[in-house]
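Novice: How does the following fold in three dimensions:
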Amino acid sequence: MNFEGPVACVFAHPDDEVLGFGASTSKLVSKDIEVYPVLVSGYAEKRFQGDSPEILKDKCKSACDLLGAEEPLFGDFPNLALHNVESHLIVNFIENAFLKIKPRIIITHHPADLNSDHKVVSELCLAACRLPQRRPDLKLPLIRNILFAEILSSTDWSYASLSNHFRPDFYFEVNEYDLSKKWLALKEYGNVARSRPHPRNKKTIDALANIRGSESGVEYAESFQSCFCLYERN
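Specialist: Prediction:
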């Protein structure tokens, strides 16, 4: 399957767009494919060593600029409390983003991530993905693919005893340049990168890309789990 834009990356928090899809964004942008970050809890006010909403927003824009992504769309839903928000409000936010982007491919969280916000966003993003089918009058293009991304210190920390933990089956080849852009974009946040053994560091990020590359027969890759795939006849 060849990627066809636009691509919408629907994630819970600023930095998820880098951790889950940063190297792939760099590669796709080099092929003139538009990538749009959609961040439901755009200000993440309860995060560890958190910034003010204004500073975090600026850092996110800088990270997206470095990767070549489009202007991020920020929701103002509460960090670590999305489960307390009426579902239709988050679905409406994501649907409105889709009306602007008209995406063909969706990247979002895995539903078994450790982070509760990630679980909520994954579930409600899937609901929003039915918008072209629910509202044919809007004449939106059908979504071709939905992929679950892996977020270090969330997807990997989910308990393996869960029956639906992350199982990669879709690999996107990247190169050293794309990985370097991913790391530089993560550093734009200033307080997201952590020292080992915490996984959010350059050594672990590069190691994961090596492992995913070895699994798929290339040098480096970012991996995903396929949730939905539409084959369209020409």
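Novice: downstream neighbour of the helix or strand bottoming out on mean pLDDT in the chain in the secondary structure list?
Specialist: Every helix and strand in the chain was compared by mean pLDDT, DSSP states H and E; the lowest is helix 53-67, with a mean of 94. Remark: after helix 53-67, the chain's next helix or strand is strand 73-74, criterion DSSP states H and E.
Novice: Quickly run through the sheet partners of the top strand by length along the chain, with directions.
Specialist: Counting residues, the longest strand found in the chain (DSSP state E) is strand 220-229. Strand 220-229 pairs in its sheet with strand 145-149 (antiparallel), strand 170-174 (antiparallel), by DSSP bridges.
Novice: Okay, now the unreliable bits of this protein?
Specialist: Judged by pLDDT under 70, the chain has its weakly predicted residues at 1-2, 44-50, 161-163, 233-234.
Novice: Could you rerun that using 90?
Specialist: 1-5, 42-55, 80, 159-165, 190-195, 231-234 (pLDDT under 90).
Novice: if we can go back for a sec, can you list the buried residues in the least confident helix or strand of the chain?
Specialist: By neighbour count on 16 or more other Cβ atoms under 10 Å, the buried set for helix 53-67 is 56-57, 59-61, 63-64, 66-67. All C-beta spots, glycine's among them, are computed from the backbone N, C-alpha and C.
Novice: of all those residues, which comes closest to P111?
Specialist: The closest of these to P111 turns out to be C60 (Cβ to Cβ; 23.8 Å).
Novice: Relative to A8, how far out is the closest residue in space to the closest one that isn't next to it in sequence?
Specialist: Distances taken as Cβ to Cβ, 6 or more residues apart in numbering place P14 nearest to C60, at 3.9 Å, with adjacent residues excluded. Remark: distance between P14 and A8 (Cβ to Cβ, to the nearest Å) = 16 Å.
Novice: Same question for E70.
Specialist: E70 is 10 Å from A8, where distance means Cβ to Cβ.
Novice: of those two, who's got more company?
Specialist: With neighbours defined as other Cβ atoms under 10 Å, E70 and A8 compare such that A8 has more, 29 against 19.
Novice: Can you give the contact residues for the one helix or strand that one maps to?
Specialist: Here A8 is covered by strand 7-11, with elements defined by DSSP H and E. Here strand 7-11 makes contact (Cβ atoms under 8 Å, 6 or more residues apart in numbering) with 17, 20-21, 25, 28, 33-40, 69, 94, 97-98, 101, 103-109, 118, 121, 125, 128, 149, 151.
Novice: Please state the offset of it from the chain centre?
Specialist: Distance, stretch centre to chain centre, for strand 7-11: 5 Å (Cα atoms, centre = their mean, to the nearest Å).
Novice: Sort out which residues of it are buried, please.
Specialist: Buried-residue list, strand 7-11, by 16+ other Cβ under 10 Å: 7-11.
Novice: cool, stretch 157-173 as well?
Specialist: 158, 165-166, 168, 170-173.
Novice: rewinding a little: can you give me every residue that contacts the residue nearest to C60?
Specialist: With contact set as Cβ under 8 Å, 6+ apart, P14 has these partners: 39, 42, 44, 56-57, 59-60, 63, 72, 189.
Novice: Also F74?
Specialist: For F74, the contacting residues are 39, 42-43, 57, 60, by Cβ under 8 Å, 6+ apart.
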